[in-house]
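Engineer: any chance you could fold what I've pasted below:
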Amino acid sequence: MSILKKLSNPQIKASKSDNKLIHYFLSNGLKACSSSISEISRDCDISHATVTRFARKFGFETLKDFKISLAQDLGAQDSDSHTKRTAINLKESCEATAQKLLQLNQTLLSQTAVEIGFGSVTKMVKEMVSARHVFFFGIGSSGFLARDAARKIARIGIDARCYTDSHEIMTHSAMITSNDLVIYISNSGKTGELVRSAAICSKRGAMICAITAETTSPLYSFTDITVLHAVHDYDLAHGYADSRLSVFFIIDLIYIELIKALGEKAIKVKQETQDAIDSLSTVN
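Structural biologist: Predicted coordinates for the structure are as follows:
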């Protein structure tokens, strides 16, 4: 049974506080999913512990897991109501497809903004600033995203490195120290090389982070910090799922938060790296 149905027809022995929370989540929808526990406690005039117990009554270990499940239900509900408009027809015009892709991408980013966990982003940025090296690991299409992230972040003074080859990933995993930060980019969190790498890096004491869509994956079990994103599916021949836009969104958010954290230092280094790159095109 979906969490929406459970909230609409609760099978628990609901207290007065539980009923407040049920009304809160049903009334506020996605807005409630992006609220912090402090905001929920304040709006419902109840304690943090009561909010946590409420999530557990519905079968979730944490409030975060509860909100993610609710956001997914709300997203699915929204998708169902727009199925006819977003299903891509192989014979439709380019303009029609463009409008449907725009709608799908807007929904994807909205869902990611709900699921992301801004506290996790803030914590990751803080750890990146103090780390000796920041390693980005990704395989396949996630490797391209990892490379983009490392390239962008290195240009503001963070020692960011990227490896996308399985042998290189395992080699550097074996040399990582407790002063390093590792960020895995993996939609499913099930890529064998990345899971094995995370196990090694964890034993070596490194801070393990992930940008992923899954909280029940083998990779997730090793992470200290996880930033979640949504994935959109649309019907095209045998179906197609994509998460690149949501990951780019997260990378851009991390990049901007790093600039805010580093201040003038980041702006100065960014200009210096840009000048160095521009000098390559200078004709003597």
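
Engineer: rest of the way, CA atoms for contacts and neighbours
Structural biologist: Will do.

Engineer: show residues contacting stretch 128-140.
Structural biologist: Applying C-alpha atoms under 8 Å, 6 or more residues apart in numbering, the contact partners of stretch 128-140 are 143-147, 149-150, 158-166, 169, 179-186, 191, 194, 258, 261-262.

Engineer: among those residues, which ones are buried?
Structural biologist: Buried residues within those, counting neighbours by 16 or more other C-alpha atoms under 10 Å: 143-147, 149-150, 158-164, 169, 180-186, 191, 194, 258, 262.

Engineer: and this structure, what are its domains?
Structural biologist: Following automatic domain parsing, the chain resolves into domains at 3-78, 118-273.

Engineer: dump the ones you listed to a markdown table, plus mean pLDDT and distance to Leu102.
Structural biologist: As requested, the domains of the chain are arranged in a markdown table below (pLDDT from 0 to 100; distance: least, C-alpha to C-alpha, whole Å):
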| stretch | mean pLDDT | distance to Leu102 |
| --- | --- | --- |
| domain 3-78 | 84 | 15 |
| domain 118-273 | 91 | 12 |
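
Engineer: possible to save the ones you listed as a markdown table with distance to Ile88?
Structural biologist: A markdown table is the format used below for the domains of the chain (distance: least, C-alpha to C-alpha, whole Å):
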| stretch | distance to Ile88 |
| --- | --- |
| domain 3-78 | 17 |
| domain 118-273 | 6 |
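
Engineer: out of those, which one sits most buried?
Structural biologist: Of all those, domain 118-273 carries the top mean neighbour count, a mean of 19, counting by mean count of other C-alpha atoms under 10 Å.

Engineer: which stretches of the stretch 51-200 of the chain form helices?
Structural biologist: 63-81, 83-86, 94-115, 118-130, 141-154, 166-173, 192-203 (DSSP state H, counting those that start in this stretch).

Engineer: nearest to Glu272, out of the ones you listed?
Structural biologist: helix 141-154 (11.9 Å; C-alpha to C-alpha).

Engineer: the closest one packs against which elements?
Structural biologist: Applying 3 or more C-alpha pairs under 8 Å, 6 or more residues apart in numbering; DSSP states H and E, we find helix 141-154 packed against strand 134-137, strand 160-163, strand 181-185, helix 244-262.

Engineer: closest to Val51 out of the ones you listed?
Structural biologist: Using C-alpha to C-alpha, those put helix 244-262 closest to Val51, at 27.7 Å.

Engineer: helix 94-115 and that closest one, what's the angle between them?
Structural biologist: 50 degrees (axes from the mean of the first three to the mean of the last three C-alpha atoms, to 10 degrees).

Engineer: tell me the first helix or strand C-terminal of helix 244-262.
Structural biologist: For helix 244-262, the following helix or strand on the C-terminal side (DSSP states H and E) is helix 264-278.

Engineer: with just CA atoms, put that following helix into CSV.
Structural biologist: Taking C-alpha atoms only, helix 264-278 is exported to CSV below (Å, rounded to 0.1, in the frame of the first residue of the first chain):
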residue,chain,number,x,y,z
GLU,A,264,36.8,35.5,-2.6
LYS,A,265,39.4,32.8,-2.7
ALA,A,266,37.3,30.7,-5.0
ILE,A,267,36.5,33.7,-7.3
LYS,A,268,40.2,34.5,-7.5
VAL,A,269,41.3,31.0,-8.3
LYS,A,270,38.5,30.7,-10.9
GLN,A,271,39.7,33.8,-12.7
GLU,A,272,43.3,32.5,-12.6
THR,A,273,42.3,29.2,-14.0
GLN,A,274,40.3,30.9,-16.7
ASP,A,275,43.2,33.1,-17.6
ALA,A,276,45.5,30.1,-17.9
ILE,A,277,43.0,28.4,-20.2
ASP,A,278,42.6,31.6,-22.3
